[in-house]
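Participant: quick one, structure for this:
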Amino acid sequence: MRVSVIGCGYLGAVHAASMAKLGHDVVGVDVDAVKIAELAAGRAPFYEPGLPELLDDVMATGRLRFTTDMADVAGSLVHFICVGTPQKRGEFGADLVYVDVAFEQLLAHVGPGEVVAGKSTVPVGTAERLAERLAGTGATLVWNPEFLREGLAVQDTLHPDRLIYGLPTDDDGVPTAAGDAAKAQLDDVYATPLAEGVPLVVTDYATAQLVKVAANSFLATKISFINAMAELCEATGADVTRLADAIGYDSRIGRKFLNAGLGFGGGCLPKDIRAFMARAGELGVDQALSFLREVDSINMRRRVRMVDLARDVCHGSIVGRRVAVLGAAFKPDSDDVRDSPALSVAAQMQLQGAHVTVTDPKAIENARAKWPDLKFADTALEAATGADVVLLATEWAEYRDLDPAVLGGVVAERRILDGRNVLDPARWRAAGWTYRALGRP
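Facilitator: As a prediction, the model looks like this:
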């Protein structure tokens, strides 16, 4: 099947390559000519494990091409909208300008029987509005949210844990004839994962739009819950990692996302829960999501607490102290620095008088563009040379596996702050380090 992908960022580029891998003829469209040139040459414009190999594979088949010309989508049977929905400046709400512009440009090139599938994370009610704009073209809008995890995006696209179709329905909630036809089109697109037994949920527009933000809100709540427990553990001398293990054995709770530390960041969870709150307010049900304000507050407090912890181990002041920050990306296996807790803490410490050096295996270039006043190093050993305190801020495998004796040979003082609770305290203390972490004795 011929399909188009509008927007070739973290979501769209992976989706386009994955659709080609599933056997479809794909054209990817983006307004960023530099990005398109990189992709057209088979080079990923950002770090995502497995994407370079996937691009090599599918570009050789001739089933994938990239362009800046929206007219090239003409003739595609399914058009995926994969553009970003960032947080509005100075507000909690989602900025839909990229969705609206992409949709308006697409309208001139869609025809009867075609499907426009929205994958962008949008406030509930957006799909209904866009469907009205699509009326008269003969095409049908479906909302098909994405659930990619950066670092695992290729796997999550080719082998998703579920597929959601939000279809046009009648007053009884039954898909219309156009909705049934659109479902058949998407079933063909996703024939391979569906044949593998991937669960499919067919629902209405409103429910499909809520799925992604509800899921992200639940995950954010779970992370902030364990970080709230970390605050209690610090007050009582308990160990939050043991607490998480203990409650995680309860099958109703589970251990995933119960990792206390610096909290969540990136381009999804923080802005999605804020946009969810903003939309609830517009709908007159803001009290239903008021708890998310505390979820957000707990998350941001972790960053402040880490600066306080650095001050504690430096005997009350970080002014003039050399601090090595290991990690700049918001999570390992990514070069994404959007709302990165690591960079937030690094910047706060520098503003408070510390001499900060940041390192990261993949995100230094992006971090330098965002925080040019910070100092950067290529390796952990280089960053830690002469340091008074070392902060593990992003849990890259190479930082988790650091030898405390080797690192101890280059620092000025053996002080380690485990911002992700991934190091073995006994091992580091045995090597002569002062070890501190959030929620652990």
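Participant: ok, how many other residues are close to the closest residue to residue 396 other than its chain neighbours?
Facilitator: Excluding the flanking residues, the one nearest residue 396 by Cβ to Cβ, 6 or more residues apart in numbering is residue 332, at 4.5 Å. Where you see a C-beta, it was placed from the backbone N, CA and C, and this is true even at glycine. Around residue 332 there are 21 other residues, counting by other Cβ atoms under 10 Å.
Participant: for residue 216, helix, strand, or coil?
Facilitator: helix (DSSP: H, G, I helix; E, B strand; the rest coil).
Participant: not counting sequence-adjacent ones, nearest residue to it?
Facilitator: Here the residue nearest residue 216, using Cβ to Cβ, 6+ apart, is residue 272, at 4.4 Å.
Participant: secondary structure element holding the one you found?
Facilitator: Assigned by DSSP states H and E, residue 272 falls within helix 269-282.
Participant: can you check residue 157 too?
Facilitator: In this assignment (DSSP H and E), residue 157 forms part of helix 153-158.
Participant: now that helix: buried residues?
Facilitator: In terms of neighbour count (16 or more other Cβ atoms under 10 Å), helix 153-158 has its buried residues at 153-154, 156-158.
Participant: turn those residues into CSV, columns for pLDDT.
Facilitator: Shown next, in CSV, are the buried residues of helix 153-158 (pLDDT from 0 to 100):
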residue, pLDDT
153, 96
154, 97
156, 96
157, 97
158, 97
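Participant: which one of those residues sits closest to residue 308?
Facilitator: For the buried residues of helix 153-158, the closest approach to residue 308 (Cβ to Cβ) belongs to residue 153, at 34.8 Å.
Participant: does the closest residue to the closest one other than its chain neighbours sit in a helix, a strand or a coil?
Facilitator: In space, and not counting its chain neighbours, residue 153 is closest to residue 14: 4.5 Å by Cβ to Cβ, 6+ apart. Here residue 14 is helix, with the state taken from three-state DSSP.
Participant: check the offset of stretch 182-197 from the chain's centre.
Facilitator: In terms of Cα atoms, centre = their mean, to the nearest Å, the centre of stretch 182-197 is found 25 Å from the chain centre.
Participant: for that stretch, the averaged confidence score.
Facilitator: Averaged over stretch 182-197, pLDDT sits at 98.
Participant: so how far is the first residue of it from its last?
Facilitator: With Cα to Cα, to the nearest Å applied, stretch 182-197 spans 20 Å between its terminal residues.
Participant: close enough to count as contact, residue 1 and residue 187?
Facilitator: No. Contact between residue 1 and residue 187 fails when scored by Cβ atoms under 8 Å: they sit 10.8 Å apart.
Participant: which stretches of the stretch 301-441 of the chain form helices?
Facilitator: 341-351, 364-370, 380-384, 397-400, 404-408, 425-430 (DSSP state H, counting those that start in this stretch).
Participant: as CSV, these with mean pLDDT and distance to residue 19 would be great.
Facilitator: Listed next are those as CSV, based on pLDDT from 0 to 100; distance: least, Cβ to Cβ, whole Å:
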stretch, mean pLDDT, distance to residue 19
helix 341-351, 97, 33
helix 364-370, 97, 26
helix 380-384, 98, 38
helix 397-400, 97, 30
helix 404-408, 98, 44
helix 425-430, 98, 46
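Participant: where do the strands of the stretch 51-200 of the chain begin and end?
Facilitator: 64-67, 78-81, 115-118, 140-143, 163-167, 200-204 (DSSP state E, counting those that start in this stretch).
Participant: comparing those, which comes out most buried?
Facilitator: Most buried of those by mean neighbour count (mean count of other Cβ atoms under 10 Å) is strand 140-143; its value is a mean of 29.
Participant: give me the contact list for that strand.
Facilitator: 114-118, 127, 130-131, 134, 164-168, 178-179, 181-183, 186, 205, 208-209 (Cβ atoms under 8 Å, 6 or more residues apart in numbering).
Participant: try 7 Å this time
Facilitator: 115-118, 127, 130-131, 134, 165-168, 178-179, 181-182, 186, 205, 208-209 (Cβ atoms under 7 Å, 6 or more residues apart in numbering).
Participant: likewise stretch 256-264?
Facilitator: 219-220, 222-223, 226-227, 229-230, 240, 244, 248, 270, 299, 302-303, 306, 341, 345, 393, 419-421, 438-439.
Participant: measure that stretch end to end?
Facilitator: Note: stretch 256-264 ends 14 Å apart using Cα to Cα.
Participant: stretch 18-37 now?
Facilitator: 19 Å.
Participant: can you give me the helices for the stretch 101-250 of the chain?
Facilitator: Using DSSP H, counting those that start in this stretch, helices in the stretch 101-250 of the chain cover 126-134, 153-158, 177-189, 191-195, 205-236, 240-248.
Participant: any chance of those helices in a markdown table, plus distance to residue 355?
Facilitator: Below are the helices of the stretch 101-250 of the chain laid out as a markdown table (distance: least, Cβ to Cβ, whole Å):
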| stretch | distance to residue 355 |
| --- | --- |
| helix 126-134 | 46 |
| helix 153-158 | 36 |
| helix 177-189 | 53 |
| helix 191-195 | 50 |
| helix 205-236 | 27 |
| helix 240-248 | 30 |
